[in-house]
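A.B. asks: following is a predicted model, sequence given first.
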Amino acid sequence: MKHEFKTYEEIKNFFMTSCHTHNPCEVILFHDQRQTVHKLMEELASETNRVLIDKDLSTLQQNELGAMKLESTVPAWLDRAMEGKNANGCIIYLREFHLSPQKIQDDVLNILIKKDIQGISFPKNTLIVLGVRKEDEAAEGLTHTHIVTFYK
């Protein structure tokens, strides 16, 4: 499902609704407003009492997300999302998709499709947001997910 928003309030209302209606939920957010989107994710986490995990994908190692490991383990930076200590859930904001290696991009797209990592499903009330630029056409091909555009 595709959505296009022009104002901050419109997109904030969409994400607030997504936090409460989809378990877990994944959103691909095409945008050109890094600071505004970061502020949005912080506000969203605060107002819904969720943990925010903000991850720069360009800092990941080649096999940190993929299935090359022998045992099913979750990367340390995702521990808070998987522990379930916060009953209200978690927002995982994955950014810098365009700067990450192709292997990481493929692994992230698989996470969005499967809603799991290393075979371990994300808990309920998890919102996964992939921040991408309009050049990232690979992400737009996922038709089962919410695709949101938010440009100035």
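C.D. replies: Great, that's in hand.
A.B. asks: tell me where the protein has helices.
C.D. replies: Taking DSSP state H, the helices of the chain run over residues 8-21, 34-47, 79-83, 102-114, 137-140.
A.B. asks: for this protein, which spans come out with low pLDDT?
C.D. replies: For the chain, applying pLDDT under 70 flags the ranges 22-23, 66-72, 84-86, 135-144.
A.B. asks: in the sheet, which residues pair with the closest residue to His31 other than its chain neighbours? Tell me.
C.D. replies: Nearest non-adjacent residue to His31, counting by CB to CB, 6 or more residues apart in numbering: Phe150, 4.6 Å away. No exception for glycine: its C-beta is placed from N, CA and C like everyone else's. Under the criterion DSSP bridges, Phe150 forms beta bridges with Phe5, His31.
A.B. asks: spit out the contact partners of Phe150.
C.D. replies: Contact analysis of Phe150 by CB atoms under 8 Å, 6 or more residues apart in numbering lists 4-6, 11, 29-31, 33, 37.
A.B. asks: what of Arg95?
C.D. replies: 34, 37, 54-57, 131.
A.B. asks: tally of neighbours for Ile11?
C.D. replies: 23 (other CB atoms under 10 Å).
A.B. asks: separation between the spatially closest residue to it that is not a sequence neighbour and Met16?
C.D. replies: Nearest residue to Ile11 in three dimensions, chain neighbours excluded: Phe5, at 4.1 Å (CB to CB, 6+ apart). Per CB to CB, to the nearest Å, Phe5 is found 13 Å from Met16.
A.B. asks: the helices of the chain into CSV, with extra columns for distance to Ile91?
C.D. replies: Converted to CSV, the helices of the chain look like this (distance: least, CB to CB, whole Å):
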stretch, distance to Ile91
helix 8-21, 8
helix 34-47, 5
helix 79-83, 9
helix 102-114, 14
helix 137-140, 18
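A.B. asks: of Phe5 and Met16, who's got more company?
C.D. replies: A direct count of neighbours by other CB under 10 Å for Phe5 and Met16 places Phe5 higher, at 18 against 14.
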